[in-house]
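Participant: Have a look; sequence and predicted model below, questions after that.
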Amino acid sequence: MSDPSECSIKVVCRFRPMNAAETAAGSRPISKFPADDTVNIQGKVFTFDRVFKPTTTQEQVYNLAAKAIVKDVLEGYNGTIFAYGQTSSGKTHTMEGVLHDFSQRGIIPRIVDDIFNHIYSMDENLEFHIKVSYFEIYMDKIRDLLDVQKTNLSVHEDKNRVPYVKGATERFVSSPEEVMDTIDEGKNNRHVAVTNMNEHSSRSHSIFLIHVKQENLETEKKLHGKLYLVDLAGSEKVSKTGAEGTVLDEAKNINKSLSALGNVVSALAEGKKAYIPYRDSKMTRILQEALGGNSRTTIIICASPSSYNEFETKSTLMFGQRAKTIKNTVTVNLELTAEEWRKKYEKEKEKNAKLRALLQRYEAEVSKYGLETLDLTDPALLDTQCDAVPVDVLKGILSDKSAVVDNTPAPPTIEAVNNNANVQAVAVSDEEMRKFEEERTQLYLQLDEKDNEISQQSVMVEKLNCQMMEQNELLNQTRRDFETLQMEMNRLQSENDAAKEEVKEVLQALEELAVNYDQKSQEVEEKMKENEQLNDELSQKQTSLRSTEGELQTIKEVQTHQRKRVSEMMVSLLKDLGEIGLTLGTKPADTNIQPGKFSENTSGEVNGKIEEEFTMARLFVSKMKSEVKALATRCQTLETTNIDCNKKMDENEKELGQCRMLIQQHEVKMRSLIESMKDVEHKKRSLEESVDSLNEELAQLHSQEELRVAALRDKEEKHAEKIESTLQMKSTLEKQIESHREAHQKQVARLRDEIEQKQGHIDQLRDQNQKMILEHEKLQSDYEKLKEEEAEKSRKLAELTLQTDRRQQAQADLKGLEETVAKELQTLHNLRKLFVQDLQQRVKRSQNNEDDDTGASAAQKQKISFLENNLDQLTKVHKQLVRDNADLRCELPKLEKRLRATAERVKSLEAALKDAKEGAMRDRKRYQHEVDRIKDAVRQRNMARRGHGGAQVAKPIRPGQPIGAGIRGGGGSPGMSNGPSIRGGSGLSPSREQNPNIMNSPTSPRGDAESSRKLPNVPVALPNRGGVRMSDAADFKDAMRSSRARKLPTGGPGVPAVQVVPRTSESSEAKS
């Protein structure tokens, strides 16, 4: 723990806009804002750290109220933010908002993003462990929102008497997405209800805890901070909310816990009470550190501006004013390492030893002079005191010894003391003077020897300084060479990045092609479905045609039968008319028929009925004739449309063949592009391996140089003879550096040539991509044409379907007409018989009554002529119907043949489309597989490239939790936080035996070499040790610093001391 500091609780006030219910009730706003930190309610002014108006946005509230606490938490402080206010005042909207809406997000999602953004921008030597908990206090019971089975958790205290919820689920997270998923899961389990004032009223106090632990991998400094984000349930007045039943019980518990919170705030605000009632509620027990403890606390009081809620608003503002007076004592949560504890122990031990020596000295003075008291303000005594020991400590020590002094005998008088001192002085000067002289001479001799040794050492120091200057010059030269090499490497890296960007563009183009190909395949599927629908319709049409043929056959049979019947009727009618004519012609003048009675009674009625029936039959026949003509015209139009469809289907077959050829060409081009991408990836990997090998060699050279320089320092202090060996090592080192410089220049030249070749290949790929784009545009236009033609065919097919339906309807009407005609003919036949019988009877009566008037014969003849004319018309209509039926039966085989040909062509087209679809699906799967592989490779490269910058967020593996990849500065391999860390001067990377997860890691495809590149804290790479690659200058500087700071090993310059210490998150917590 660092030194504590005192700070006040920060209180901000936020007013929401008036809602629709308040406006409808006639309420008026009562809040006024004279300044940014004050609010006026009905003439009473309340002052806070900040006051937010109803028009304030979510982002402004976060920036001014909560953003600063993120930095405090990451610096090791505890933080708390909670919202307080009545129900429906906007607390949940302020804390959470709309979680996945960027503009309407609340404090919790914004603070989560801000924490990770700060982590990514911090030093890369920092390693973070972040875990979150989410629980609620419902009905005065703590309920875990991440594990609903935990419904009654308890509050305990740790060794520092800090309250915590025992048994709450803690999830380790490594990204903002994981935190938001956890929040969503907990939010779904939270208790909410509907009241008269709020449709989504929170029925519990929710607490979201973020625990951040950080460790500096160089200094091993450990900090941890907790951030409590609390969304309190609102205080309720039952008369306004209308709570009943369970909701009423919930409101009672909410008001009880908020009352306990108000009591705690009031007790802390008074500052005189010795007892603070934290234990009255579980909520105040959990928030004990936030209220008067070790935490930087921000309280957001939410209020309504409506006059309807004036009492609740004033109560909330009074709570905020009381809370603003509370003082918290905050300290940094620092965990001392073993080395720091040891230093502190040594310091305290040294201080204790000095105090004991000073105490013994003062006791000797007291016993010598027999003094009861000692004036510690005496300048002579103050000169002898230790600087680190305060005077009040010495007074306390001497006061403890007062009992010893009191038991000593009384001191003698001053004269007796002076006499004794003179006598003892004379005796001592005579006896010990000779000893003092001898000691003085011996001391002079020793001083002479020391002077000689000092002169020799000064000469040796001058020589060593000269050698050190030479070595420094050599080191500076080496550093300059390294800087030039590093600049060259940076240039190559930038060129490589540019090449990667171009490759990325090519990949994007390929992805676009894949998307277009997918669209084409989907359209082909749609066309196949349409063709299937057309096939179904054609099959339906065929069945309808077959049924039509059957109906036509039956109609033909009926017509033949009717023809026979009509012919028979005509023959009989003509025969009857002939007989009538004969009977009338034999005795035309002597026929005394009396038409009056007949025409007026029976014959008039029968003739009227016959005329009406004949007129109706003639109308039906004319209608039937028009329908038959319409059917003939429709058949002709169907035939023409069928011919057009056949032509268009032939054209579509040709276009389908062309599309197949184009698809095959695109497949060949795609294969060539994939092969070229593989070649580029292979060359890229070889370039990276060569760069890594150069970095490794350079790191080895520098590490050898540092080891030799350190060994030289140590040996020069002990053995001066090893200077010659050092010079030899220097010469060999210069030779090695020169040889490596030449090799590096050759390697750089070769890399440039390969980059130029790769650039040319990329240009070729770009040209090919442009050609593919043009061909794709052509295919798109062809496809649009095909689509238009298909739409035209569909339209024509719909017309054909409509015409077929009309023809079927006409056939049904024709059948009804035929039935009607048959009935009418039967009626005519019956009438004919009646008429003939009537005529015979009349003829007989006319012969008997010769005196009757002969005027009726003329009327009868007129009626007979009328009937004959009608019979002739009926005969003509019947003949015309027979001819039309014969024509239709002749056309039916042709139409059936054409329909069969159309069905066969449709089937062949369906088979061709099915084959094309299967081939396209296979190509799509193969292409998708290649695209996924390329994306994985690019993602791994990006993760490897991002693995060296920024701080590290480690996600440790815990029993009972799924394994997740840890984020180490934007990229890393899982398992690194649980693997062993290597300290001291060792440059060894974790082998397979030390951490088998590294080789099998999905983010490290090149095994140990790749994983070792992701260890930013490997200090030095030893010679004859493989598997360590230092990828950038930062790693090399860290290695140089650690190699300077480390102690030299005892086994010699070539055998370093290596200490392997397994470091996991569990072990670090056990140490703390």
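Facilitator: That came through fine. Worth saying up front: this structure is predicted, and the values here are computed from it rather than measured.

Participant: Geometric centre of the protein: which residue is closest?
Facilitator: residue 177 (6.0 Å; C-alpha atoms, centre = their mean).

Participant: in the helix or strand that one falls within, what's buried?
Facilitator: Residue 177 belongs to helix 176-188 when assigned by DSSP states H and E. Using 16 or more other C-beta atoms under 10 Å as the test for burial, helix 176-188 gives 178, 179, 180, 182, 183, 186, 187. In short, each C-beta sits where N, CA and C put it, glycine included.

Participant: gap between the first one and residue 112?
Facilitator: Between residue 178 and residue 112 the distance is 10 Å, computed by C-beta to C-beta, to the nearest Å.

Participant: and if you look at the third one?
Facilitator: Going from residue 180 to residue 112 by C-beta to C-beta gives 7 Å.

Participant: all strands of the stretch 251-400 of the chain, in order?
Facilitator: Assigned by DSSP state E, counting those that start in this stretch, the strands in the stretch 251-400 of the chain fall at 296-303, 327-330, 334-335.

Participant: Adjacent strands (with direction) for the first one?
Facilitator: Next to strand 296-303 in the sheet, as set by DSSP bridges, lie strand 10-15 (parallel), strand 79-85 (parallel).

Participant: Of those, which stretch is the most buried?
Facilitator: Counting by mean count of other C-beta atoms under 10 Å, strand 79-85 has the highest mean neighbour count of the strands paired with strand 296-303, with a mean of 26.

Participant: same for the helix or strand that comes right after it, what does it pack against?
Facilitator: Counting by DSSP H and E, the next helix or strand C-terminal to strand 79-85 is helix 91-95. Applying 3 or more C-beta pairs under 8 Å, 6 or more residues apart in numbering; DSSP states H and E, we find helix 91-95 packed against strand 79-85, helix 107-120, strand 222-231, strand 296-303.

Participant: in helix 91-95, what counts as buried?
Facilitator: Those would be 91, 92, 93, 94, 95, for helix 91-95 by 16+ other C-beta under 10 Å.

Participant: now the residue nearest to the centre of the chain: how far from residue 190?
Facilitator: 20 Å.

Participant: try residue 20
Facilitator: For residue 20 relative to residue 190 (C-beta to C-beta), the value is 25 Å.

Participant: higher neighbour count, those two?
Facilitator: Legend: neighbour count by other C-beta atoms under 10 Å for residue 20 and residue 190, higher for residue 190 (17 against 7).

Participant: show me the contacts for that one.
Facilitator: 136, 145, 202, 204, 206 (C-beta atoms under 8 Å, 6 or more residues apart in numbering).

Participant: Report all helices and strands that the helix or strand the last one falls within contacts.
Facilitator: What that stands for is residue 206. Using DSSP H and E, the element containing residue 206 is strand 205-216. Contacts defined by 3+ C-beta pairs under 8 Å, 6+ apart place strand 205-216 against helix 68-74, helix 107-120, strand 126-138, helix 176-188, strand 222-231.

Participant: Quick one: neighbours of the closest residue to residue 22 other than its chain neighbours, just the number.
Facilitator: Nearest non-adjacent residue to residue 22, counting by C-beta to C-beta, 6 or more residues apart in numbering: residue 306, 4.2 Å away. Number of residues near residue 306 (other C-beta under 10 Å) recorded here: 23.

Participant: Let me see the contact set for residue 882.
Facilitator: So residue 882 contacts 559, 563 (C-beta under 8 Å, 6+ apart).
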